[in-house]
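**Q** Starting from these lines, generate the structure:
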Amino acid sequence: MQWWFAAPVIELETTSVGGDVQRVLVPVRQGAQRLASLDQTLGRLRLLTEQGKILIESLVRPSWAKTIGRDEFGLWCEVEWLGRRVRLPWGPQGDGANWGWQGREGVGVDEFGLYAEFSVKGVSQRCRWIAPGTFPMGSPPDEPSRSDDETLHEVTLSRGYWLADTACTQALWQAVMGENPSFFQDDPAQPVEQVSWEAVHTFLDRLNALVPGLDAGLPSEAQWEYACRAGTTAPFSFGRNITPEQVNYNGNYPYAGAEKGLYRERTVAVGSLPPNPWGLYEMHGNVWEWCADWYGPYPDGPQIDPAGPPDGGRVLRGGSWFNSAQVCRSASRSFNPPDGASLNIGFRLAPGQRPAGEASRHADGQAQAERAGQAGGGDAGVQKGGLINRVLGFFKKPGKSR
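**A** Model prediction:
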């Protein structure tokens, strides 16, 4: 692209994509003249003339945009959401000092990136776009309190995906299912719990029928950890340690020698604690979250879009209000039979992840549950049969139970 300017030019400043700045004084001439070539290496061009200043900045198509273009109203890009294209115009933000993509139809861009919302009977859920990428899954050998099932390996997620910014609330479950199975019911914004993996898929089937184009499922274990880490490699997305002001966990059991803290003994409303760098709330603690995968040892070597083994228990991630801080680490893993439910287990839905073969999933669910039960089950859930028994159930596996 060539830029032509007819007014007298005093100074020309170019800034490359890498940040290198060059300033050139251009002799004033009569008529039009070529000043600079705008190519992919140029990030910004500033012209200082007798008439004033002109600033030209390059704009790269966002990775989440299906298309980008211009019409009589200006620049726009399109995002795919709920099976349709939503067009976001480019325009002034807030007081007009900065420009950006303007939100429409429940889709927008904020400090965390792209988001989109859906609602059922007046209950809204915001979702975040998670860009594809490569990350270290698992934990390094020197990470305090790590477990043997956290073998460090490189994982590449080749496609971006949507993920709810919070665990599913009791309000959304009630709107879809017409009932609330949760033990803690102080606030409809608390996460739904006491839901099995199978019950969650019944919920998702009904939700998808109510919201055409949503096609919600559960995230894979790799997708879950990638989103939890949000570009970090420390034990937590918040850094090398956590406090009860950041995470809802059992403060009587801090991480790596930290001081004891508050133990709330219950869930808290979603979104009430700080988000991770990608705008996702309570990825650590509050409730364990079901994943799509069966639990098993990690494979050796780098992986691309891993989906887990063909059977076992269903994966749980994130820890909960009942667990110690070490169990809430980004790499920490657990599992339960798919028919298991507990007052510290919930889930986070992932639009666009609806699994194929719904019938086969339900048909073999009981057999898989029996195999998982014969294997001893996981250590995440507080089992049914009275609160005391549910609490005692946590101590089946030393080292990960608290």
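**Q** make it CA atoms for all contacts and neighbour counts henceforth
**A** Will do.
**Q** What's the biggest helix in this protein, counting residues?
**A** Secondary structure of the chain per DSSP state H: the longest helix is helix 197-210.
**Q** residues making contact with that helix?
**A** 120, 173, 176-177, 214-217, 290, 314, 338-341, 347, 362, 365 (C-alpha atoms under 8 Å, 6 or more residues apart in numbering).
**Q** swap in stretch 151-158?
**A** Residues from elsewhere that reach stretch 151-158, judged by C-alpha under 8 Å, 6+ apart: 132-140, 222-223, 298, 300-306.
**Q** Quick one, which of the residues you listed are buried?
**A** Those of the contacts of stretch 151-158 that meet the buried threshold are Pro132, Phe135, Pro136, Met137, Gly138, Ser139, Pro140, Ala222, Gln223, Tyr298, Gln303, Pro306, by 16 or more other C-alpha atoms under 10 Å.
**Q** what's the helix or strand the second one falls within packed up against?
**A** Put plainly, it is Phe135. Per DSSP states H and E, Phe135 falls inside strand 133-137. When contacts are defined as 3 or more C-alpha pairs under 8 Å, 6 or more residues apart in numbering; DSSP states H and E, strand 133-137 sits against strand 153-157, helix 221-229.
**Q** picking up where we left off before, from the contacts of helix 197-210, keep the buried residues only.
**A** The neighbour-count test (16+ other C-alpha under 10 Å) marks 120, 173, 176, 214-217, 290, 314, 338-341, 347, 365 as buried among the contacts of helix 197-210.
**Q** Let me see the domain layout of the chain.
**A** Domain ranges of the chain: 2-57, 67-104, 113-396, per automatic domain parsing.
**Q** Just send the ones you listed back as CSV, with mean pLDDT too.
**A** Output for these, formatted as CSV (pLDDT from 0 to 100):
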stretch, mean pLDDT
domain 2-57, 68
domain 67-104, 90
domain 113-396, 90
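**Q** which of these is buried the deepest?
**A** When the domains of the chain are scored by mean count of other C-alpha atoms under 10 Å, the highest mean neighbour count falls to domain 113-396 (a mean of 20).
**Q** could the helices and strands packed on strand 133-137 go into JSON lines alongside distance to Ser63?
**A** What follows is the helices and strands packed on strand 133-137, written out as JSON lines (distance: least, C-alpha to C-alpha, whole Å):
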{"stretch": "strand 153-157", "distance to Ser63": "14"}
{"stretch": "helix 221-229", "distance to Ser63": "17"}
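**Q** Nearest to Glu105, out of these?
**A** helix 221-229 (24.8 Å; C-alpha to C-alpha).
**Q** name the helices or strands packed onto that closest one?
**A** Helix 221-229 packs on strand 133-137, strand 288-294, strand 314-317, going by 3+ C-alpha pairs under 8 Å, 6+ apart.
**Q** Need the contact partners of it.
**A** With contacts defined as C-alpha under 8 Å, 6+ apart, helix 221-229 is touched by 130, 135, 137, 155, 157, 236-237, 276, 278, 280, 283-284, 291-293, 305-308, 315, 317, 330-331.
**Q** Run the angle between it and strand 153-157 for me.
**A** Orientation check (axes from the mean of the first three to the mean of the last three C-alpha atoms, to 10 degrees): helix 221-229 against strand 153-157 gives 90 degrees.
**Q** start the count at 5, not 1, going forward
**A** New numbering, starting at 5: the last item is helix 225-233.
**Q** okay, the angle between helix 225-233 and strand 292-298?
**A** Helix 225-233 and strand 292-298 meet at an angle of 150 degrees, taking the same axes, to 10 degrees as the criterion.
**Q** of the helices and strands packed on strand 137-141, which approaches Asn254 most closely?
**A** Nearest to Asn254, of those and by C-alpha to C-alpha, is helix 225-233 at 19.5 Å.
**Q** Look up how far Pro96 lies from the residue sitting nearest the centre point of the chain.
**A** What sits nearest the mean C-alpha location of the chain, by C-alpha atoms, centre = their mean, is Ala231, with 4.2 Å. From Ala231 across to Pro96, the span is 30 Å (C-alpha to C-alpha, to the nearest Å).
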